[in-house]
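[1] need a 3D model of the following:
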Amino acid sequence: GNLVLFVVDASGSMAARKRMSAVKGAVLSLLLDAYQRRDKVGLITFRGSEAAVALPPTSSVDAGAARLERLPTGGRTPLAAGLLKAREVLRIERLRDPSRRPLLVVVTDGRATGGVDPVGRAGRAARLLADDKVASVVVDCESGPVRLGLAGALAQDLRGTPVTLDELRADSVTALVRDARATNTPRIVRKTRRAA
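    Numbering: from 1, shown residues only. Coordinates of the predicted model:
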């Protein structure tokens, strides 16, 4: 079986509701077939000054729906806390079932805030997960005219695959995770525009 663990930025931003809606849909969709595949799905959110396990790894659709019904958003972006919480959850799950393959899906624009050197701390946390050999996908939620590319840098630190906000719809996130879960090495097909 597999363990798909979502780590979602729930800090205050215009895109927060869109992020949460797409991720909730993806988690519930994955839970629907998790029982048959012996998979587990979990969700960690980070906002304010801490990260929280919103949905402990489970294959129960009912438990997932109940936990996901209302998730708060707003506040600062403690990205490092979210990644370290994910590492802790994965460590515990590895002890429970060493054969379960983990896949981390981080949904963020990469703009860590709060505390001293928040971006540096997030990078260090990401490299710890990479050293643990956790397969990962980073869904880049950055929008607007000024792009910092921080989510792409985070994907590099995780040694994971970056994807864009355009792909963040419940159906496409689910397809992305299923593809990555099947191979444990995410393959992303990007659309390219031809020059006129």
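[2] following the longest helix along the chain, which helix or strand shows up next?
    For the chain, the helix with the greatest residue count under DSSP state H is helix 16-37. Using DSSP states H and E, the helix or strand that follows helix 16-37 in sequence is strand 40-47.
[3] just want the angle from the helix or strand that comes right after that following strand to strand 40-47.
    Next helix or strand after strand 40-47 toward the C-terminus (DSSP H and E): strand 50-58. With axes from the mean of the first three to the mean of the last three CA atoms, to 10 degrees defining the directions, strand 50-58 sits at 170 degrees from strand 40-47.
[4] against which helices or strands is strand 50-58 packed?
    Packing partners of strand 50-58 (3 or more CB pairs under 8 Å, 6 or more residues apart in numbering; DSSP states H and E): strand 2-9, helix 16-37, strand 40-47, helix 61-68, helix 79-96. (C-beta placed from N, C-alpha, C; glycine too.)
[5] what's the third one packed up against?
    Right, strand 40-47. Looks like strand 40-47 contacts strand 2-9, helix 16-37, strand 50-58, helix 61-68, helix 79-96 (3+ CB pairs under 8 Å, 6+ apart).
[6] ok, 7 Å please
    strand 2-9, helix 16-37, strand 50-58, helix 79-96 (3 or more CB pairs under 7 Å, 6 or more residues apart in numbering; DSSP states H and E).
[7] report the contact partners of the nearest residue to P118 once chain neighbours are set aside.
    Nearest non-adjacent residue to P118, counting by CB to CB, 6 or more residues apart in numbering: A112, 3.8 Å away. Taking CB atoms under 7 Å, 6 or more residues apart in numbering, we find A112 in contact with T77, L79, A80, P118, V119, A122.
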